[in-house]
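K.L.:
Provided below are the primary sequence and the corresponding predicted coordinates.
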Amino acid sequence: MNLVSIEDVKSGMILARDVINDLGIIFMSAGSEINSASIASLKKLDIDFVYVEEADQAAAPSVDEHITMEQAYTRLMNLYKSIYANVGLGKSLNLDQLKRETLPLFKKITEDNNVLNSLRRVGVHDSYSYIHSVNVAILAMIIGKWLNLKTHIQEDLAIAGFLHDIGKTNIPLDILDKPGELTVSEFEKIKEHPIHGYRILQISTGVTNEIMEAVKHHHERIDGSGYPDGLRDREISLYAKILAVADVFDAITANKSYRSKISVYAAARVLKTESFNKLEPKVTEVFLKNISRFYVGNKVKLNTGEIGEVILLNKTDVTRPLIKIGEMYFDLSTNYKLEIVDVVG
Ligand SMILES: [Fe+2]
């Protein structure tokens, strides 16, 4: 970590510590990538120095620079579809090849400032499991980035996220696609998918133990209530804990029992309450802080119907930021009558 004068800060550098103003409000979170707009804002706030991460020397995989985010996403989804079909036919996976094909695309998507908006939601004709796998891979990789994990770990997280539910190829379709509620025995069958996934990876090439364990344990919970092994806190790897947060968050935003379109703030609140004692707090905290950061400057719709602008995040609760409506400022961390219900731009 280096302390750098604001005059020497360059676009692309990664903040190593939060930039906090006198009121204790986070202006920029550790892990954020600095760009020309944020440099200008930091200067406006009279910030003279910031802590930045030392540059990562790892070679970046190349990708056709003209490919759009949409194309990168579609390519990943199609790749997942063919992998899923092939694994279903009993073919083994070659992770070295999979990495070569997917990592440049994941990198392209996660390096975009708009990454959260690029996560595709389930449409009428889409298959949730394909979209979910691509989303979990993207989220897991970006959480790795926000936790300042090494590049190769971020890449492993993308691959583990991509393949986390690959074991569902071994679950009968009538259970997997059952529209109504599952019976206890059907649910027991579904709960076998992490073990199936682990076994599929065991016979694949280029797999690391970390990826295999992460796939096997992405449904474990730190209070021991998860499956398949009922592991607790320290018995669960960081990889698996990251996959769990990515998996739960994407399920919340896609879950029809909540809303068809749930704002990131509403999702963050659900994640926060439902994850208590279940998900790794350090991972959840970094995740929530960073996903909220994406919305500083964005327009949001409030429960009153008014449109406001997110001005600053609040350190104590990132889901309740400082909002400007017209010429008035409202601190949602103290004003509980106001709720953000949607992000509108
Ligand atoms: Fe799963």
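P.N.:
That came through, no problem. Numbering: from 1, shown residues only.

K.L.:
how about the helices of this structure, start to end?
P.N.:
With helices called from DSSP state H, the chain shows them at 36-44, 69-88, 95-110, 115-118, 128-146, 151-162, 173-176, 184-190, 193-202, 209-216, 238-254, 264-274, 281-293.

K.L.:
Compare those helices and give me the one nearest residue 305.
P.N.:
helix 264-274 (15.9 Å; C-beta to C-beta). Glycine gets a C-beta too; all of them are placed from N, C-alpha and C.

K.L.:
Look up how far residue 131 lies from residue 95.
P.N.:
Distance of residue 95 to residue 131, computed by C-beta to C-beta, to the nearest Å: 22 Å.

K.L.:
what sits against residue 83?
P.N.:
93, 98, 163, 166 (C-beta atoms under 8 Å, 6 or more residues apart in numbering).

K.L.:
quick one: which of those is most hemmed in?
P.N.:
residue 163 (28 neighbours; other C-beta atoms under 10 Å).

K.L.:
That one and residue 324, how far apart?
P.N.:
Distance from residue 163 to residue 324, by C-beta to C-beta: 43 Å.

K.L.:
Ok, residue 147 next?
P.N.:
31 Å.

K.L.:
Show me which of those two is the more surrounded one.
P.N.:
Shown here are residue 147 and residue 324; by other C-beta under 10 Å, residue 147 has more neighbours (19 against 13).

K.L.:
Wait, that one touches residue 283, no?
P.N.:
Yes - between residue 147 and residue 283 there is a contact under C-beta atoms under 8 Å: 7.2 Å.

K.L.:
Overlap of the contact sets of these two?
P.N.:
Common neighbours of residue 147 and residue 283 (C-beta under 8 Å, 6+ apart) are residue 242.

K.L.:
could you list every residue that touches residue 228?
P.N.:
191-192, 194-195, 216, 219.

K.L.:
now these as a markdown table including neighbour count and distance to residue 287?
P.N.:
Shown next, in a markdown table, are those (neighbours: other C-beta atoms under 10 Å; distance: C-beta to C-beta, whole Å):
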| residue | neighbour count | distance to residue 287 |
| --- | --- | --- |
| 191 | 14 | 25 |
| 192 | 15 | 28 |
| 194 | 25 | 21 |
| 195 | 16 | 27 |
| 216 | 24 | 22 |
| 219 | 21 | 18 |
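
K.L.:
which one of those residues is nearest residue 28?
P.N.:
Nearest to residue 28 among these is residue 219, at 33.9 Å by C-beta to C-beta.

K.L.:
The closest one and residue 226, how far apart?
P.N.:
Taking C-beta to C-beta, one finds residue 219 at 5 Å from residue 226.

K.L.:
Same question for residue 206.
P.N.:
Residue 206 is 27 Å from residue 226, by C-beta to C-beta.
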